[in-house]
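K.L.:
Below are the sequence and a predicted model; questions follow.
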Amino acid sequence: MRFLIVLLILITLSLTACQSHQNHNENRETAHAHTDAAKAVDNEVPVVEAKYQEENTETMTEDAAAEEPTTEASVPETIEEAPKAIVEKEADPIPELTEKSITIPTTKADEQTTTNHRTSGLAKATVDKKTVEFGTLIEGEKFNHKFKVTNTGKEELLIENVKTSCGCTAANYSFMPVPPGESTYIEIEFDSKDKFGSQRKNITVTTNGYPRNFKLVLTGEVMTQKQYDERQRRLKELGITE
């Protein structure tokens, strides 16, 4: 009886060992198969990628060739048509003439006519002499002059302001309107005190007419008494009388 039990145990262990050895061999074969499949895939990937890149490159080349516009120069059929084709290609379009594109030259006479037309309905100040020379003054003397201003316009002339260039020159004028054709006076007094040498005094007049502003000028020379006496002596020696 014990012998049978031992025999069964041995048979069971033997079967178990055989089964385990068989499973182990199957696992090894499966592992080798997976390894071979992975190697095959690795070898096929570069080939597939190269083939894909080649196909993609061919497709892009075909698309670029299809999209690129083809410009073919038109060749004239005959020799007589060649000059005509060149003219049609190189000729610039003729610009359309408009009123703004036409410039008419103007002359000074035209400008003066335009100015006269624009100011014909205004008052106009006309001065008989805008620059006056007072000659030679001995330092301390005064010089007075009246500038005559005539209204040659069609409206009343009003002298709004008279401004001198320094405190040595004073102005006196009327604030009353001057009717067309009438005249008024601007009186200027120059005081030569503490002045020496050549003198030039500007007086700016502002009116309600045309011109709006204009200038009056006083020029001359101021000497000391000694300089004046010496000058007179030399002139007398030369026989020259002022």
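P.N.:
Cool, got the structure. Numbering: from 1, shown residues only.
K.L.:
could you show me where the strands are in the chain, in order?
P.N.:
Ranges of strands in the chain, per DSSP state E, are 125-127, 131-138, 142-151, 159-164, 169-173, 183-191, 197-207, 213-223.
K.L.:
Of all the ones you listed, which one comes closest to Leu4?
P.N.:
The closest of these to Leu4 is strand 213-223. By CB to CB, the value is 150.8 Å. Placement of C-beta: from N, CA and C, glycine included.
K.L.:
quick check: mean pLDDT across that closest one?
P.N.:
The pLDDT scores in strand 213-223 average 96.
K.L.:
Please point out which parts of stretch 176-196 sit buried.
P.N.:
Of the residues in stretch 176-196, 178, 184, 186, 188, 190-192, 195 count as buried by neighbour count, 16 or more other CB atoms under 10 Å.
K.L.:
can you check stretch 146-157 too?
P.N.:
For stretch 146-157, the neighbour count (16+ other CB under 10 Å) marks 147, 149-151, 153, 155, 157 as buried.
K.L.:
In a markdown table: these, plus pLDDT.
P.N.:
Listed next are the buried residues of stretch 146-157 as a markdown table, based on pLDDT from 0 to 100:
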| residue | pLDDT |
| --- | --- |
| Phe147 | 97 |
| Val149 | 97 |
| Thr150 | 97 |
| Asn151 | 97 |
| Gly153 | 96 |
| Glu155 | 95 |
| Leu157 | 97 |
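K.L.:
now, which of these sits nearest Val217?
P.N.:
Nearest to Val217 out of these is Phe147 (CB to CB; 10.0 Å).
K.L.:
Show me what that closest one is bridged to.
P.N.:
Taking DSSP bridges as the rule, Phe147 bridges to Ile186.
K.L.:
so what's Thr207 bridging to?
P.N.:
With DSSP bridges as the rule, Thr207 is bridged to Ile159.
K.L.:
how much space is there between it and Ser165?
P.N.:
Note on Thr207: its distance to Ser165, by CB to CB, to the nearest Å, is 19 Å.
K.L.:
more crowded one of these two?
P.N.:
The residue with more neighbours, out of Thr207 and Ser165, is Thr207; 23 against 14, by other CB atoms under 10 Å.
K.L.:
how near is that one to Val6?
P.N.:
With CB to CB as the criterion, Thr207 and Val6 are 153 Å apart.
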